[in-house]
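# Return atomic coordinates for the entry below.
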Amino acid sequence: RHDPLDDGSEIELGRVLLRAIHTPGHRPEHTCLAVADRSRTDEPWLVLTGDSLFVGDTARPDLAVASKEGAEGLFHSLRRLLELPDGVEVFPGHVAGSLCGKGMSSKASSTIGFERRFNDALQIDDEREFVVRAASVGAPKPPNMARLVELNRGPFVGAVAEVAELPARPPGATILDVRSIEDFLAGHAESAISVPLAGGSFGTKAGFVLDPEAAIVVAASTEEEAGHAVRGLQAVGFLELSGYVLGGGPEQMRPVSLDELEALLQAGADLIDVRERDERDSGYIAGSRNIPYRLLAHGGADLPGERPIVTICETGARAGIAASLLAGRGLDARPVLEGGVPAWSARGGQTVEFRRCGS
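Residues are numbered from 1 along each chain as shown. Coordinates of the predicted model:
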């Protein structure tokens, strides 16, 4: 049961007053909360902007409705937030790394005045121009989104059961190896998927490559690392994990250096660029094939098995994930881990740029 909030609804918590500001755009029901400390003044002190106004960016509008409709709502919602005084502090729901925006800062807070002056999206006064820009979302939608919405709207979810260490991998379980990529390469379980816990955006990456209906076992180096990984997975809706195991396994994988990459390409190896399309457009290696790593988990491509496959990205992190996914399908796949396409270009390797119509 819940008590719905209308635009302008107020909640009093002692001397603190929360005032609802309906701000559709990211989702039709999205609401910000202006917070006032009434022991000092009735004027708002800060605003919890959730997924509307970020530090340095604004929310993507395509997750619940058509992107154009969401962008139109977001334009007017942002104008309402800009009615707040410049000194009001802004606390958004995300920082850099979230798929809910594309240019947000890693800083956790800002002010209305600072964002009014320096947030590029807020410099656009024309609604049509704003809608065109905001609706042109190139980033993939967050994984597990429909499942998370279902969980949020469904019955109350109580505390999940403790995830225990297992003596061995259960038959048929998916192994998510959260150790460092170096540990994974040195030895891992057959068909294990590598998503290092320390690589950043762990939950998002894992959400892209895991089947929520599968039995999932975490492979970690330590009990502490396993605990961190379990909490990260539970935060993105993986509530029924089978357990965890410590250590790796007998399978090994050797990374590809940039020197070796050149020789492999000349010998006919397939190069898979696992970055997103907009990243690839800024420069890619001629002859490479673009398949974002998140699609490889779901059989998103028919890849020939008779030639070796090399995966490459921007820095090496996603290439490692992609190679583990392909190796799990029985393919001879190895990742470039030492810098990716920018490092290839910096050492004199040839790249191709691609400009799409309207960009």
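
# Next up, the contacts around the residue nearest to Ser191 when sequence neighbours are not counted.
Spatial nearest neighbour of Ser191, chain neighbours left out: Gly328 (4.0 Å); criterion: C-beta to C-beta, 6 or more residues apart in numbering. Placement of C-beta: from N, CA and C, glycine included. Taking C-beta atoms under 8 Å, 6 or more residues apart in numbering, we find Gly328 in contact with Ser191, Ala192, Ile193.

# Go ahead and confirm the second one touches Asp177.
Yes - counting by C-beta atoms under 8 Å, Ala192 sits close enough to Asp177 to count as a contact (4.4 Å).

# Neighbours of Trp344, how many?
Other residues near Trp344 come to 21 when the count uses other C-beta atoms under 10 Å.

# next SSE after the helix or strand of the chain with the lowest mean pLDDT?
Lowest by mean pLDDT, DSSP states H and E among the helices and strands of the chain is helix 145-153, with a mean of 75. As assigned by DSSP states H and E, the chain's next helix or strand after helix 145-153 is strand 174-177.

# now this protein, which segments are flagged as low pLDDT?
Along the chain, the parts satisfying pLDDT under 70 run over 1, 101, 138, 300-301, 355-359.

# How is it divided into domains?
Following automatic domain parsing, the chain resolves into domains at 10-135, 163-246, 258-346.

# between those, which gets nearest to Arg147?
domain 163-246 (5.0 Å; C-beta to C-beta).

# hmm, back to that, could the domains of the chain be laid out in JSON lines, adding distance to Ala146?
Formatted as JSON lines, the domains of the chain follow (distance: least, C-beta to C-beta, whole Å):
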{"stretch": "domain 10-135", "distance to Ala146": "10"}
{"stretch": "domain 163-246", "distance to Ala146": "10"}
{"stretch": "domain 258-346", "distance to Ala146": "15"}
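
# List just the one of the ones you listed that sits closest to Asn144.
Closest approach to Asn144 among the domains of the chain (C-beta to C-beta): domain 163-246, 4.6 Å.

# now do the same end-to-end measure for the closest one.
Criterion C-alpha to C-alpha, to the nearest Å; first-to-last residue distance in domain 163-246 is 13 Å.

# That domain: how far from the chain's middle?
Between the centre of domain 163-246 and the centre of its chain there are 17 Å (C-alpha atoms, centre = their mean, to the nearest Å).

# Return the distance of stretch 99-115 from the chain's centre.
Remark: stretch 99-115 is offset 16 Å from the chain centroid, using C-alpha atoms, centre = their mean.

# Give the buried residues for it.
Across stretch 99-115, burial judged by 16 or more other C-beta atoms under 10 Å covers Leu99, Cys100, Gly101, Met104, Ser105, Ser110, Thr111, Ile112, Phe114, Glu115.

# Same check on stretch 123-135?
Applying 16+ other C-beta under 10 Å to stretch 123-135 flags Ile124, Phe130, Val131, Ala134, Ala135 as buried.

# With stretch 9-21 instead?
Neighbour-count burial for stretch 9-21, counted by 16+ other C-beta under 10 Å, picks out Leu17, Leu18, Arg19, Ala20, Ile21.

# Can you show me the CA trace of that stretch as CSV?
Extracted in CSV, the C-alpha atoms of stretch 9-21 (Å, rounded to 0.1, in the frame of the first residue of the first chain):
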residue,chain,number,x,y,z
SER,A,9,1.9,17.6,-2.2
GLU,A,10,3.8,18.2,1.0
ILE,A,11,5.2,15.8,3.6
GLU,A,12,6.3,17.1,7.0
LEU,A,13,9.0,15.3,8.9
GLY,A,14,9.6,17.3,12.1
ARG,A,15,10.9,20.7,10.9
VAL,A,16,11.8,19.3,7.4
LEU,A,17,9.3,19.8,4.6
LEU,A,18,9.3,17.8,1.4
ARG,A,19,7.4,19.3,-1.5
ALA,A,20,6.6,17.2,-4.6
ILE,A,21,7.4,18.6,-8.1
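
# Noted, bye for now.
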